[in-house]
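**Student:** what's the 3D shape of this:
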Amino acid sequence: MSSIRTPLFAALFALALTACATPQVSATPASAAPITAASVRALLVPLTDDSMEGRAVWTAGEKRAARMIAEQMQRIGLEPAGDSGYYQRIPGAVREVTRTRVSPAGDTTRTTSMRAVRLASFADWDSIPVARRRWATNVIGVIRGTLPDSVILVDAHYDHLGIAAPVTGARCPFASPTDSIFNGADDDASGTVAVLEIARIMKGEAKPRRTLIFSAMTGEENGLVGTGWYILHPLVPIASMVANLEIEMIGRPDSLAGGSGRAWLTGYERSTMGDMLKSYGIAIGPDLRPAQRFFERSDNIAFARAGVPAHTLSTFNLHQDYHCASDESSRVDFEHMAGVIRAGAEAVKHLANGPAPAWHDGGRPAAPAPRP
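**Tutor:** The predicted model follows:
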């Protein structure tokens, strides 16, 4: 865990989050209430409101979304598990970044731009001129189990692409030429809502065997900013993590998964998790689009490379709103989404109280080579 370096920063951090107004949200239903299309809609619509400005990492819109998520965790009754309440702060700064691209013909081009990047520590953050400092937040809550050194992480990324020039045509056929806010309803407000709804259900259950950490990670769209920081500053040692279930893009049914309410698990064949959950009658199957390499395209891959059986639950059907401003709440199938979240809640109950998943031989991905 990161420690608060100075009282001044902690005060400014709290003030900034308070200043980020959030749309009015109805209270989270009681833990005993079922997961329904209505309960899902009540969370997803405000999270994808234009006032969130697309929830891009390092922005005011991200802070508004983080505040809403933290408020929901508080209503559910999760224990705060960040370094500032539910917030795990991440230091960043605007720096000059050079990108090198090699064309198929072998030509090399380099482009330089100024953008925010994650820093290694808050000591580095303190050394940066104030005007160039940035910060981001993961939002983390926990349900303590009877086995404190045996942990399940349930997570999703809540960030998206923010505000950008409108994209239309073949790339985004359903987008408006005047819409510049990329609200990311499916990617990944849907998964974030799932984390909150599963946490609500688990809070109403008997105390689990394993401790459950529920996290909304930031910066997945910018190189796993939040997950990379969490792995360096985990709530408990990564070695204590028995499994990671990430949830991403569950807002539309996928015919290859079997239709409404059914989902697939990335990297299904790599560990015992998929078959174990399927044996309990949970509507989860393998990813039938291995060429897309979804196992490697979300936050779970960082935990998998760290040795944790980590998979993503999804129903992404390659729809044409992906990374387009047309990925709006109006295009979400809430009945389907509620069904998938109910399946996810059952999966978490078994992961919390049943056998621990294990890698199949050759299933664990190799750790990445160290970067200079």
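
**Student:** Could you check the pLDDT of M276?
**Tutor:** M276 is assigned 96 on the pLDDT scale.

**Student:** What does it show for phi and psi?
**Tutor:** Backbone torsions for M276, taken as degrees, to the nearest 10, come to phi -60, psi -50.

**Student:** got the contact list for it?
**Tutor:** Residues counted as contacts of M276 (Cβ atoms under 8 Å, 6 or more residues apart in numbering) are H350, G354, P355, P357. For glycine as for every other residue, the C-beta is placed from the backbone atoms N, C-alpha and C.

**Student:** how does it look with 7 Å?
**Tutor:** Residues in contact with M276 (Cβ atoms under 7 Å, 6 or more residues apart in numbering) are P355, P357.

**Student:** what's the helix or strand encompassing W125 packed up against?
**Tutor:** In this structure, W125 sits in helix 122-126 according to DSSP states H and E. Contact here means 3 or more Cβ pairs under 7 Å, 6 or more residues apart in numbering; DSSP states H and E; on that basis helix 122-126 packs against strand 87-102.

**Student:** Give me the contact list for stretch 223-243.
**Tutor:** 1-2, 57, 81, 88, 90, 118, 136, 138, 140, 142, 149-153, 157, 210, 213, 215, 217-219, 273, 299, 302-303, 306, 308-310, 351, 356-357.

**Student:** Touching, N138 and F214? I think so.
**Tutor:** No. Using Cβ atoms under 7 Å as the test, N138 is too far from F214 to be in contact (10.9 Å).

**Student:** mind checking how far D287 is from E79?
**Tutor:** 33 Å (Cβ to Cβ, to the nearest Å).

**Student:** what about those two, which has more around it?
**Tutor:** D287 (24 against 13; other Cβ atoms under 10 Å).

**Student:** Look up the closest residue to the more buried one, ignoring the ones flanking it.
**Tutor:** W264 (4.7 Å; Cβ to Cβ, 6 or more residues apart in numbering).

**Student:** what's the spacing between the one you found and S314?
**Tutor:** The value you get for W264 to S314, if Cβ to Cβ is used, is 6 Å.

**Student:** check contacts around the residue located most distally from the centre of the chain.
**Tutor:** Residue distances from the centre of the chain (Cα atoms, centre = their mean) peak at A105, which lies 37.4 Å from the mean C-alpha position. If you count contacts by Cβ under 7 Å, 6+ apart, A105 has none.

**Student:** Weed out the non-buried ones from the contacts of stretch 223-243.
**Tutor:** 2, 57, 81, 88, 90, 118, 136, 138, 140, 142, 150-153, 157, 210, 213, 215, 217-219, 273, 299, 302-303, 306, 308-310, 351, 357 (16 or more other Cβ atoms under 10 Å).

**Student:** related to what we said a few turns ago, the very next helix or strand once past the helix holding W125 pairs with which strands, and in what direction?
**Tutor:** As assigned by DSSP H and E, the chain's next helix or strand after helix 122-126 is strand 133-143. Strand 133-143 has the following strand partners under DSSP bridges: strand 79-80 (antiparallel), strand 87-102 (antiparallel), strand 210-217 (antiparallel).

**Student:** Would you mark the buried spots in the helix holding W125?
**Tutor:** Quick answer for helix 122-126 (16+ other Cβ under 10 Å): F122, W125.

**Student:** quick one, helices of the chain?
**Tutor:** Remark: helices assigned in the chain by DSSP state H are 7-19, 37-47, 60-76, 122-126, 190-203, 225-232, 273-279, 300-305, 334-353.

**Student:** out of these, which comes closest to T109?
**Tutor:** helix 225-232 (25.5 Å; Cβ to Cβ).

**Student:** where does the stretch 251-372 of the chain dip in pLDDT?
**Tutor:** Applying pLDDT under 70 to the stretch 251-372 of the chain picks out residues 369-372.

**Student:** Just name the most buried of the helices of the chain.
**Tutor:** helix 190-203 (a mean of 28; mean count of other Cβ atoms under 10 Å).

**Student:** and that helix with strand 133-143, angle?
**Tutor:** 30 degrees (axes from the mean of the first three to the mean of the last three Cα atoms, to 10 degrees).

**Student:** roughly how far is helix 190-203 from the heart of the chain?
**Tutor:** Helix 190-203 sits 12 Å away from the centroid of its parent chain (Cα atoms, centre = their mean, to the nearest Å).

**Student:** what does stretch 181-197 give?
**Tutor:** 8 Å.

**Student:** Same question for stretch 34-52.
**Tutor:** 16 Å.

**Student:** Let me see the mean pLDDT of it.
**Tutor:** For stretch 34-52, the per-residue pLDDT averages 97.

**Student:** Could you identify which of the strands paired with strand 133-143 is most buried?
**Tutor:** strand 210-217 (a mean of 28).

**Student:** Let's see that strand as PDB, backbone CA atoms only.
**Tutor:** This file holds the C-alpha atoms of strand 210-217, laid out as PDB (Å, rounded to 0.1, in the frame of the first residue of the first chain):
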ATOM      1  CA  ARG A 210     -11.500 -16.200   1.400                       C
ATOM      2  CA  THR A 211     -11.200 -12.400   1.600                       C
ATOM      3  CA  LEU A 212     -12.900 -10.700  -1.300                       C
ATOM      4  CA  ILE A 213     -11.300  -7.500  -2.800                       C
ATOM      5  CA  PHE A 214     -13.500  -5.500  -5.100                       C
ATOM      6  CA  SER A 215     -11.700  -3.000  -7.300                       C
ATOM      7  CA  ALA A 216     -12.500  -0.600 -10.000                       C
ATOM      8  CA  MET A 217      -9.200  -0.100 -11.800                       C
END
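
**Student:** Could you pull up the mean pLDDT of that strand?
**Tutor:** 98.

**Student:** I would like the residues contacting it, please.
**Tutor:** Contacts of strand 210-217 (Cβ under 7 Å, 6+ apart): 69, 78, 81, 138-145, 147-148, 150-158, 192, 195, 199, 202, 226-227, 230, 235, 242, 299, 348, 352.
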